[in-house]
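Asks: From the sequence below, what's the structure:
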Amino acid sequence: MHNFDNPIKIGFLLIPGFALMSYASAIEPLRAANHIASKELYSLSNISIKSAGAVCSTGYEISCSTSIENTKPLDFLFVCAGGNPFAFGNQKVFTWLRSLAATGVTLGGVSGGPVILAKANVITGRRVAVHWEHEEAMRETFPDAMIEHSLYIFDRKRITCAGGVAPMDMMHALIGEHHGAPFAKKISDWFLHTAVRPPGAAQRMGIAENYGVTNPAVLHAIEYMQNQMSTAPPLRKIATYSGISERQLGRLFKEEIGVSAAHFFRKMRLNYAARLLRQSTMSVTEIGYAAGFSSGAHFSKCFSTEFGKTPISVRKKT
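Replies: Numbers count the residues shown, from 1 in each chain. Okay, the predicted model is just below:
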């Protein structure tokens, strides 16, 4: 616990299209801390790239008190982003983030924010939490990124958070670090946030809940498929990993999920490829290989058959 004579200065850089839920979950606990303490523990500011406001995911504009060109000194800066952060390429923002890092400001990323930090080269060598929707593209775009399945991570003046409502858990930890756990609990209770999750809690439902299956062999097979999409191992290898025969694997998938194991695995890989098309700058051929297809032509044919549109048409819409 630390004693601060002056308010901690925290800025929120709002990238156009930022996720409103994630932003609110991050800033509201800090506002509540000021209210409950009856004094300004945190000096908060919204920061835009160059205008007086930033439009969020719902289409509403959130007013900003300053821009990156005239920001006052900060202790913390959280980048809030949503949509497709991989398409963001404002070099002025990247330069600004690197300058903040050089002066010792703690940088944070919320929802798509960790992607922006990675593009600015300010989280190299740090552990990273990112929303599961962006994780696959993040691994492909930044192969050296130390991504973990966590809600949030504090690592040497870098804070990354998966987004959604996870920033409330993150801010509980941050407020507790600054002003003690009892005070942080008052903030969480204020928001009826009684089940505060640890940083390593799961971001989404497990395989059993997600697919509605209970058979251990099928669960093991799906887990193996998720971890081997780029290599696309044959069904016999998946069956061996699951401790059953290839014929049993096919029968169990039909019983538990209603489709063959081959169809299930192919669709999983195609859905993965579709996410990469929307979120990454990889070429169509590179995405096909990343999803375990032997050639760009084979990938395009399977993709068109499954979705009724070509990979290039999906890429053009993003």
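Asks: and Thr240, which of the three is it?
Replies: Classification of Thr240 using DSSP: H, G, I helix; E, B strand; the rest coil returns helix.
Asks: per-residue pLDDT, it?
Replies: Here, the pLDDT recorded for Thr240 equals 85.
Asks: got it, and Glu209?
Replies: 65.
Asks: from now on call the first residue 372
Replies: Got it, the first residue is 372 from now on, which makes the last one we talked about Glu580.
Asks: helices and strands of the protein: which one has the lowest mean pLDDT?
Replies: Ranking every helix and strand in the chain by mean pLDDT, DSSP states H and E puts helix 578-582 at the bottom, with a mean of 69.
Asks: Show me what secondary structure element comes after that helix.
Replies: helix 587-598 (DSSP states H and E).
Asks: ok, residues contacting that following helix?
Replies: 578-579, 582, 584, 604, 609-610, 612-615, 619-620, 623-624, 627-628, 632, 635-636, 639 (C-beta atoms under 8 Å, 6 or more residues apart in numbering). (Glycine included, C-beta is placed from N, CA and C.)
Asks: which of the residues you listed are buried?
Replies: Among the contacts of helix 587-598, the ones that count as buried by 16 or more other C-beta atoms under 10 Å are 578, 584, 609-610, 612-613, 615, 620, 623-624, 627-628, 632, 635-636, 639.
Asks: now, among the residues you listed, which is nearest to Val464?
Replies: Distance to Val464 across the buried ones among the contacts of helix 587-598 (C-beta to C-beta) is lowest for Met639, with 34.8 Å.
Asks: which ones are touching the closest one?
Replies: If you count contacts by C-beta under 8 Å, 6+ apart, Met639 has them with 596-597, 600.
Asks: now Cys435
Replies: For Cys435, the contacting residues are 385, 416-419, 422-425, by C-beta under 8 Å, 6+ apart.
Asks: Only whichever of those residues are buried, select them in PyMOL.
Replies: Filtering those down to the buried ones (16+ other C-beta under 10 Å) takes a single PyMOL command:
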select buried, resi 385+416+417+418+419+425
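Asks: Out of the contacts of Cys435, which sit inside strands?
Replies: 385, 416-419, 424-425 (DSSP state E).
Asks: Adding pLDDT and distance to Glu511 as columns, could you present those in a markdown table?
Replies: A markdown table is the format used below for the ones in strands among the contacts of Cys435 (pLDDT from 0 to 100; distance: C-beta to C-beta, whole Å):
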| residue | pLDDT | distance to Glu511 |
| --- | --- | --- |
| Leu385 | 94 | 27 |
| Ser416 | 93 | 34 |
| Asn417 | 93 | 32 |
| Ile418 | 92 | 30 |
| Ser419 | 91 | 30 |
| Gly424 | 84 | 33 |
| Ala425 | 86 | 28 |
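Asks: Before we go further, Gly460 is sitting in a strand, right?
Replies: No: per three-state DSSP, Gly460 lies outside any strand segment and is coil.
Asks: wait, it sits on Lys490?
Replies: Yes: the criterion here is C-beta atoms under 8 Å, and Gly460 meets it with Lys490 at 7.5 Å.
Asks: of those two, who's got more company?
Replies: More neighbours surround Lys490 than the other of Gly460 and Lys490, with 20 against 9 (other C-beta atoms under 10 Å).
Asks: quick one, what contacts that one?
Replies: Taking C-beta under 8 Å, 6+ apart, one finds 456-457, 459-460, 465 in contact with Lys490.
Asks: Now the buried members of those.
Replies: Listed as buried from the contacts of Lys490 are 456-457, 459, 465; burial here means 16+ other C-beta under 10 Å.
Asks: Kindly provide the distance from the residue lying closest to Ala588 once chain neighbours are set aside to Val584.
Replies: Using C-beta to C-beta, 6 or more residues apart in numbering and skipping residues adjacent in sequence, the residue nearest Ala588 is Ser613, 4.4 Å away. Here Ser613 is placed at a distance of 12 Å from Val584 (C-beta to C-beta, to the nearest Å).
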